[in-house]
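> Take this sequence and fold it.
(one chain, ligands or ions: 1)
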Amino acid sequence: MNSNKRVFSGIQPTGEVHLGNYVGAIRNWVDLQSQYESTFCIVDYHAITNEYQPKKLLQRSLEVAATGIAAGLDPERVTLFIQSSVPEHTELTWFLTSLTSVGALERMTQYKDKCARGQGALAGLMSYPILQTADIILYKANLVPVGEDQVQHLELAREIVRRFNNLFGDYFPEPEPLLTSGARVMSLSDPTSKMSKSVEGSYISLTEEPESIRRKIKRAVTDPGPQGGEPGPGVANLFTLLEAFAPEDVTQSFRQDYANQKLRYSDLKATLGECIVTTLDPIRTRRAELLSKPEELKEILAAGGDRAREQARDTIRDVRELMGFQMPVR
Ligand code: TYM
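Next up, the predicted model:
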């Protein structure tokens, strides 16, 4: 265990956890949990910046937590919790909001994309990266395992931290993103845009049945161009997935075939489909077991929340003092 550095990451309980989330983030969380003190959060405060159903919010969070545990997160080893059990996230967000320029928020690609798709206008959606910064630094995390789409938010987080440290004393570490080779899994239906839970048909969910996985991989868009050179986005994406799910020698042999211009996409897709099915099968089964005992799952998450809250309280106490709030909180 490398005790000098701390890891933090989060995932939204909106829609289904998909292969992009798994390859870009969760799989990496599982690898990191034995190396660093790690905290992983189901960010339900973030989820309300999208349209959502209040009655289903907790269930969605439980499902994401069950998926994470089924994929290998060990709640004895990591702190796994639901964001809303630690209200300090919102208090720190307000403090950081006073250090963040509107211009910086307006430059965020994810915000601009959502506005272009007709969302936007809500202040919560725009200030979301401030809440994300608070999530991370509340636990003084140094390393943040995420997919590529979150890198810009982390740059902003670093800016906010620098500002805080300049004004109030060197207190927070600057968090850095940790990316895997699968940091950007592309959509199966349009490989020029990322796999996303808000685009139906673009993703394979971690709970998907084997037949459906095979079908979606079979239908994945590939590029008609000649083989041998740099693969186009569709084929490159299949190789990214192959790297994540197939044994290395299998991936190598398909790469050779591609280089020698004799790769049959149908073979690659059949192998890839099977490898994904083999990996996801036990995850799906374990997830269903966990969800069949919701009270136990809630207890695990509540215990994680208690641990997280202890740390969060310490940080908030220091921050209040550094920022000049002297009245005691009783
Ligand atoms: P979210 O819930 O959209 O995604 C969770 C994680 O999955 C990664 N990811 C991908 N990786 C590779 N390819 C893809 N197609 C793909 N799609 C998603 C995301 O990069 C992310 O790592 N704002 C964050 C949640 C968050 C957070 C945080 C993350 C809130 N606070 C603090 C880190 C630290 C989000 O919406 O992720």
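
> Show me what the strand or helix carrying residue 254 is packed against.
Using DSSP states H and E, the element containing residue 254 is helix 248-259. Packing partners of helix 248-259 (3 or more Cβ pairs under 8 Å, 6 or more residues apart in numbering; DSSP states H and E): helix 233-245, helix 265-291. Placement of C-beta: from N, CA and C, glycine included.

> in the last one, what's buried?
It stands for helix 265-291. For helix 265-291, the buried set under the neighbour-count rule, 16 or more other Cβ atoms under 10 Å, comprises 265, 268-269, 271-277, 279-280, 283-284, 286-287, 290-291.

> coming back round to it: so for the ligand, which of the helices and strands packed on helix 248-259 sits nearest?
The ligand sits nearest to helix 233-245 of all the helices and strands packed on helix 248-259, at 8.8 Å, using Cβ to the nearest ligand atom.

> And the ligand, is that closest one touching that?
No: using Cβ under 6 Å from any ligand atom, helix 233-245 stays clear of the ligand, coming no nearer than 8.8 Å.

> what angle do that helix and helix 265-291 make?
50 degrees (axes from the mean of the first three to the mean of the last three Cα atoms, to 10 degrees).

> what packs against helix 233-245?
Against helix 233-245 (3+ Cβ pairs under 8 Å, 6+ apart) you get helix 248-259, helix 265-291.

> separation between residue 212 and residue 188?
As judged by Cβ to Cβ, to the nearest Å, residue 212 and residue 188 stand 12 Å apart.

> what is in contact with those two at once?
residue 204 (Cβ atoms under 8 Å, 6 or more residues apart in numbering).

> is it true that residue 70 touches residue 281?
No: judged on Cβ atoms under 8 Å, residue 70 makes no contact with residue 281 at a distance of 10.8 Å.

> Could you measure from residue 151 over to residue 60?
Distance, residue 151 to residue 60, by Cβ to Cβ: 25 Å.

> typed the wrong thing, it's residue 292
Counting by Cβ to Cβ - residue 292 and residue 60 are separated by 17 Å.

> And those two? Which one has more around it.
A count of neighbours by other Cβ atoms under 10 Å puts residue 60 above the other of residue 292 and residue 60, at 19 against 10.

> for that one, what are its contacts?
Applying Cβ under 8 Å, 6+ apart, the residues near residue 60 are 13-14, 44, 47, 52.

> repeat that for 10 Å
For residue 60, the contacting residues are 12-16, 42, 44, 47, 52-53, by Cβ atoms under 10 Å, 6 or more residues apart in numbering.

> Next: residue 154.
The contact partners of residue 154, by Cβ under 10 Å, 6+ apart, come to 129, 132-133, 136, 144, 146, 174-178.

> Near the ligand, which residues of this structure? Just list them.
So the chain meets the ligand at 8-12, 20-21, 23-25, 43, 46, 132, 135-136, 144, 146-147, 149-150, 183-185, 194-195 (Cβ under 6 Å from any ligand atom).

> try 5 Å this time
Counting by Cβ under 5 Å from any ligand atom, the residues of the chain close to the ligand are 9-12, 20-21, 24-25, 43, 132, 135-136, 146-147, 149-150, 185, 194-195.

> Where do the strands of the stretch 101-250 of the chain begin and end?
Along the stretch 101-250 of the chain, counting by DSSP state E, counting those that start in this stretch, strands occupy 143-145, 176-178.

> pLDDT at residue 287, what is it?
At residue 287, the model reports a pLDDT of 98.

> same thing with residue 79?
98.

> bridging residues for it?
residue 39 (DSSP bridges).

> ok now the longest strand seen in the chain, how far from the chain's centre?
When the chain is parsed with DSSP state E, its longest strand is strand 2-11. Computed by Cα atoms, centre = their mean, to the nearest Å, the chain-centroid distance of strand 2-11 equals 13 Å.

> Check which helices and strands it sits against.
Strand 2-11 sits against helix 27-32, strand 36-42, helix 44-47, helix 54-70, helix 123-138, strand 143-145, strand 176-178, with contacts defined as 3 or more Cβ pairs under 10 Å, 6 or more residues apart in numbering; DSSP states H and E.

> Need these in JSON lines (columns: mean pLDDT and distance to residue 316).
Converted to JSON lines, the helices and strands packed on strand 2-11 look like this (pLDDT from 0 to 100; distance: least, Cβ to Cβ, whole Å):
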{"stretch": "helix 27-32", "mean pLDDT": "97", "distance to residue 316": "25"}
{"stretch": "strand 36-42", "mean pLDDT": "98", "distance to residue 316": "15"}
{"stretch": "helix 44-47", "mean pLDDT": "97", "distance to residue 316": "16"}
{"stretch": "helix 54-70", "mean pLDDT": "98", "distance to residue 316": "23"}
{"stretch": "helix 123-138", "mean pLDDT": "96", "distance to residue 316": "8"}
{"stretch": "strand 143-145", "mean pLDDT": "98", "distance to residue 316": "20"}
{"stretch": "strand 176-178", "mean pLDDT": "97", "distance to residue 316": "23"}
